[in-house]
Each structure stands twice: as structure tokens, then as C-alpha cells.
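Peer 1: Need coordinates for the following:
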Amino acid sequence: MNKKQFFYIPDEMKEREWYGFNWLEHVTAIPAPLVLVTGYKQNGAANATMQSWFCFSSENEFYCIFGSVNKGSHMYEIATKRKQMVINFPNKNCIDRCMDTVKNNGYETDELSASGLHYCDGSKVDAPVVDECFLNLECETVWEKELFEGSYHAVLCVKIVNVWMDEAHYNSEKLGRYGETGYLYNVNAPLNPETWETDNEEFAILWAKD
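Peer 2: Predicted coordinates:
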């Protein structure tokens, strides 16, 4: 077995800016789906948050569990006060506009319109459904808990109460859910733990084997 273990960060890397992430996330570089989470701020303006730290689970109901939601973010405020949101899945055709919402994030700003995205109100929740995203999950907050005691981040569980999907994507004979026009994954700047060289953050796609 030709494996090496990595359990501490060398002193020369401790001063590097990690932007709130742990260095091991960059070493492992495990891909995760990339989504745009939307809701309405307390002033009624549309909010949008790029998210990639989540998974799904089900037992009678269908749930999404976000592993890391910043308590100072508009998303956290919406999740804990309005308790309604939409998880929107972009593909490569609209990802640039979705990423633009990171820049257009003022409290008074309609972050979707300012980024060139279009939306309508959800059917079951009071939150924006983004037209350009091929899959939209309307959600209600079930619970939230600190990642650890005193953490700036929370673990958030929401229940999916309605699903919107473009017919061309649920039909595998047309575009389907995977490949060039399907789900996007976030690969968080892979880091070589021996040389400490890093690649740029990348988007990945998933191919389904025939």
C-alpha cells in the first residue's frame, strides 16, 4: 500500500489565506454538486447564494442537508426567519450569471435581476424559482444546528415540498440530467500536499455510463 498520511498543516502554510475553508478540503478535493439557493430577504428583494456543501436524504419525505451555512449570510437569515427557499440547479449555459450573484449581493439589490437571471414565485413556498436553472426544489426549513459549539457556521436541514424540472432534462433521450448540459460540480482548488501547489477552482460534470 503506497499511501501517505496528512494530519497536520506545515508551519509554512499556516499563514496562507484559506477563506474560511480547511486545508484538508483542498487536499481531498472531493467534488460536490453546485447550486444557487434563492429566497427573499426581509425587505422583499431576491437573494441568491452559491452553495456546494450539502447532500440529500429521505425517509418518507425528501430532505436536503446543508453542511456549512454562514450565520452572517442572507441565506442563513432567510432559512431561520422566512424558513422558505428554492435550490436551483444551473448547467453550463447559465453558470456565469449565477456566479455573478456573488458580486451583486447588496441588501437592497435584487440579486437575480442584477445578474441577468429571470424568476417566478414558487408554488408551495414564498421564494424565487430561477427560470434558467433546469431543476428547482422548493424547500421549507426543518431544523438548524451549529456545526460545533461556537461555530460561525450552521448545519441546516430543509424538506423538499415541490420539484420543477425542464422536460428536456428528465427525458434522457433529449438533454438528460448528466453530461455537458446537466448537473455541475464544484472542485474546490485541488492542493498537492507535498508541493503545496494548487490548481484553480474548477467546475466538473458527471457522465452517466450507458
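Peer 1: Roughly how far does residue 36 sit from residue 49?
Peer 2: Separation of residue 36 from residue 49 (Cβ to Cβ, to the nearest Å): 7 Å. In short, each C-beta sits where N, CA and C put it, glycine included.
Peer 1: try residue 88
Peer 2: Residue 88 is 10 Å from residue 49, where distance means Cβ to Cβ.
Peer 1: which residues are common contacts for those two?
Peer 2: Shared contacts of residue 88 and residue 49 (Cβ atoms under 8 Å, 6 or more residues apart in numbering): 36-38.
Peer 1: In strands, which of these fall?
Peer 2: 36-38 (DSSP state E).
Peer 1: Tell me where the protein has strands.
Peer 2: Under DSSP E, the chain gives strands at 32-33, 35-40, 46-51, 54-59, 61-70, 84-89, 119-121, 128-130, 135-146, 153-165, 184-187, 202-205.
Peer 1: tell me what the third one is packed against?
Peer 2: Same thing as strand 46-51. With contacts taken as 3 or more Cβ pairs under 8 Å, 6 or more residues apart in numbering; DSSP states H and E, strand 46-51 sits against strand 35-40, helix 74-77, helix 95-100, helix 111-114.
Peer 1: Make a markdown table from these and add distance to residue 1, mean neighbour count and mean pLDDT to it.
Peer 2: Below are those laid out as a markdown table (distance: least, Cβ to Cβ, whole Å; neighbours: other Cβ atoms under 10 Å; pLDDT from 0 to 100):
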| stretch | distance to residue 1 | mean neighbour count | mean pLDDT |
| --- | --- | --- | --- |
| strand 35-40 | 37 | 26 | 98 |
| helix 74-77 | 42 | 19 | 96 |
| helix 95-100 | 39 | 17 | 96 |
| helix 111-114 | 48 | 20 | 98 |
